[in-house]
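> pasting a predicted model and its sequence here:
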Amino acid sequence: MIKKPRGTQDFLPPKSEEIAYLEEKAAELFKRYGYGRMITPIFESTDLFTRSIGETTDIVSKEMYTFNDKKGRSLTLRPEGTAPIVRAYIEDPSSFGLLPAKVYYIGQMFRYERPQAGRYREFWQIGVEAIGSSDAVLDAEIIDLLMSYLEEVGLINLDLKINSMGCKNDRAKYSEQLKDYLRSKKADLCKDCRQRVEVNPLRVFDCKNKDCQMSITNAPKIIDYICKDCNGHFEKVKGYLGATSIKYKVESRLVRGFDYYTRTVFEVASSELGAQDALGGGGRYDNLIADYGGDSTPAIGFAFGLERIILARQKQGKSKRPTKLHLWISYIDEESKKEAFKLLLLMRKNNISADMSLDYKNLKAQLRQADKRDVGYSLVIGPDEIASGKYALKDMNTKEQQSLCIDEIVRRMKDEG
RNA sequence: GCGACCAUAGUGUAAUGGUUAACACGGGAGUCUGUGGAACUCCAGGUACGGGUUCAAUCCCCGUUGGUCGCCCCA
């Protein structure tokens, strides 16, 4: 038997409807904030990701689906959504219209990781990017958009953490300070962290090892090393956030997975999700476009994972009930089956969800099918109905049944629907 | 990439080194040939894959694949 590749999923109702629902909600809300949908290729030149995300990050060093096409070009299934949009912007800035350009995307991402609850090799993300402004109010808008979305789909008890990474210079300076500090504590650090000190010292903050956590309690904080401008920017972001109803915590140890972040970064998690608890996150990337050869253009964005939102909604009892059929059509004999089929098509033309038995069964069995499918109404068609032009419409909840002509039935179903 | 645990009808569980692998729910049909949800009867459907040990393996061993949970990392 051929099985689906590891870490991938098939989606059928009701799970597929959950995804559709989350997409609709996003489209609706993002439109209100002025964001339009953007679609980019699902694979890109490998260079795009290695350069933007950072060579030493886990994603690039071991998690990418990379392959050569028939001409020997190295391509990679996108592991995240920001780099492709930045690429498109640099390729043709004018197509993005007025700045800031506000776009969102919905689609699958790919990372070669060991699957576990809330983590897949092919997973769904929805993200937004606002390109062309460094104004702090935009940071607040973006964070508000993320939190509003999560609220919109019914999630509560979320923890929002924010931090500032400063600019390039700040980061380099801070990185050296942190290295010095960590080197002095090297004896207390775990095996992995000893390596991190040299390669990517900020990552030590993510370590869950108790000794490492102890060792960094007095570590220098990036917030103390960021320059005046960056600090001012962060203060403004917090000021604008004060205008919203959003609760957040400044977390000086918050470090995100991509090297391109500058200034504001943020992450939202749910304590109900276990080890993979991050629902979404993002931040500002003011240097990325310039680093790629575009005109210096500041930008900010975020992304969240649909599987984890679905998980959190399940834990919080918010899962959507599968959509039901509205009307089931039953027929008495082969003769009336044709009439039933005609009416079935008529109902569907009138936007009424309806279905009927395919194989002939006795009426009892057909009503049993209707019952199993939890329909609201059932229509019975037999020789008597065809002769009189009046059909028996039964309310499946109250068991009440009336004889009505077709127009009345259509009208009734539409009102109910 | 590392570690631990796991794999039996669609789902949830049972059982045994030896005739036919059991039960519940779910699915289908009928009892009831023009009126559903109950009850009863019947039907379909299963030991993930590949090796090994053995007279004999669903059971024991190894490998593969997949899942779950940690680590890493992140969505």
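Yep, that arrived. Numbers count the residues shown, from 1 in each chain, chains lettered A, B, ... in the order given.
> hey, let's count contacts and neighbours off CA atoms from now on
Noted.
> average pLDDT for stretch A:38-56?
The pLDDT scores in stretch A:38-56 average 91.
> from one end of that stretch to the other, what's the distance?
29 Å (C-alpha to C-alpha, to the nearest Å).
> now stretch A:374-385
By C-alpha to C-alpha, the extent of stretch A:374-385 from end to end equals 24 Å.
> pull out the buried positions in it.
Residues of stretch A:374-385 classed as buried under the neighbour-count rule (16 or more other C-alpha atoms under 10 Å) are A:374-382, A:385.
> adding pLDDT, write the residues you listed out as TSV.
Formatted as TSV, the buried residues of stretch A:374-385 follow (pLDDT from 0 to 100):
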residue	pLDDT
A:374	85
A:375	91
A:376	90
A:377	93
A:378	93
A:379	93
A:380	93
A:381	93
A:382	91
A:385	92
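> in strands, which of the residues you listed appear?
Among these, the residues falling in strands (DSSP state E) are A:377-381.
> which of those are close to RNA strand B?
Under the cut-off given by C-alpha under 7 Å from any atom of the strand, RNA strand B has A:380-381 from these close to it.
> can you lay out the ones in strands among the buried residues of stretch A:374-385 as JSON lines showing distance to residue A:221?
Listed next are those as JSON lines, based on distance: C-alpha to C-alpha, whole Å:
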{"residue": "A:377", "distance to residue A:221": "65"}
{"residue": "A:378", "distance to residue A:221": "67"}
{"residue": "A:379", "distance to residue A:221": "70"}
{"residue": "A:380", "distance to residue A:221": "73"}
{"residue": "A:381", "distance to residue A:221": "76"}
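> from the ones in strands among the buried residues of stretch A:374-385, which is closest to residue A:262?
Nearest to residue A:262 out of those is residue A:377 (C-alpha to C-alpha; 57.9 Å).
> give me the beta-bridge partners of the closest one?
Beta-bridge partners recorded for residue A:377 (DSSP bridges): residue A:327, residue A:395.
> for it, list the residues it contacts.
Shown in contact with residue A:377 (C-alpha atoms under 8 Å, 6 or more residues apart in numbering): A:326-328, A:393-396.
> pLDDT wise, what is residue A:272 at?
Looking at residue A:272, its pLDDT stands at 82.
> number of nearby residues for it?
By other C-alpha atoms under 10 Å, the residues close to residue A:272 number 15.
> tell me the spacing between it and residue A:153.
Note on residue A:272: its distance to residue A:153, by C-alpha to C-alpha, is 16 Å.
> if we can go back for a sec, near RNA strand B, from the contacts of residue A:377?
Counting by C-alpha under 7 Å from any atom of the strand, the members of the contacts of residue A:377 near RNA strand B are A:394-396.
> just put these in CSV and tack on pLDDT.
What follows is these, written out as CSV (pLDDT from 0 to 100):
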residue, pLDDT
A:394, 93
A:395, 92
A:396, 91
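> got a markdown table for those, with neighbour count too?
Below are these laid out as a markdown table (neighbours: other C-alpha atoms under 10 Å):
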| residue | neighbour count |
| --- | --- |
| A:394 | 19 |
| A:395 | 16 |
| A:396 | 18 |
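> nearest to RNA strand B, out of these: which one, please.
The closest of those to RNA strand B turns out to be residue A:396 (C-alpha to the nearest atom of the strand; 3.5 Å).
> residues touching that closest one, list them.
Contacts of residue A:396 by C-alpha under 8 Å, 6+ apart are A:371, A:375-378.
> the stretch 201-350 of chain A against RNA strand B: which residues are in contact?
Applying C-alpha under 7 Å from any atom of the strand, we find that the stretch 201-350 of chain A lies next to RNA strand B at A:203-204, A:206-209, A:255-258, A:274-282, A:303-305, A:307-308, A:332-333.
> now, the most widely separated pair of the buried residues of stretch A:374-385?
The most widely separated members of those, counting by C-alpha to C-alpha, are A:374 and A:385 (24.3 Å).
> separation between residue A:94 and RNA strand B?
Distance, residue A:94 to RNA strand B, using C-alpha to the nearest atom of the strand, to the nearest Å: 27 Å.
> per-residue confidence for that residue?
At residue A:94, pLDDT is 95.
> which of the three states applies to it?
The three-state assignment at residue A:94 reads helix, by DSSP: H, G, I helix; E, B strand; the rest coil.
> around it, how many other residues sit close by?
The tally of other residues near residue A:94 (other C-alpha under 10 Å) stands at 10.
> the stretch 1-150 of chain A: strands as residue ranges?
Assigned strands in the stretch 1-150 of chain A, in chain order: A:36-37, A:43-45, A:65-68, A:74-77, A:101-110, A:122-131 (criterion: DSSP state E, counting those that start in this stretch).
> wait, which of those is closest to RNA strand B?
Nearest to RNA strand B among those is strand A:122-131; the distance by C-alpha to the nearest atom of the strand comes to 5.1 Å.
> quickly run through the sheet partners of the closest one, with directions.
Paired neighbours of strand A:122-131 in the sheet (DSSP bridges): strand A:101-110 (antiparallel), strand A:299-305 (antiparallel).
> among the ones you listed, which is nearest residue A:159?
With respect to residue A:159, and counting by C-alpha to C-alpha, the nearest of the strands paired with strand A:122-131 is strand A:299-305 at 14.0 Å.
> for the residue of the stretch 251-400 of chain A found nearest RNA strand B, give its distance to residue A:283.
In the stretch 251-400 of chain A, the residue that lies nearest RNA strand B is residue A:257 (2.2 Å; C-alpha to the nearest atom of the strand). Separation of residue A:257 from residue A:283 (C-alpha to C-alpha): 11 Å.
> so for those two, which sits in the more crowded spot?
Counted by other C-alpha under 10 Å, residue A:257 and residue A:283 do not tie: residue A:283 has more neighbours, with 28 against 13.
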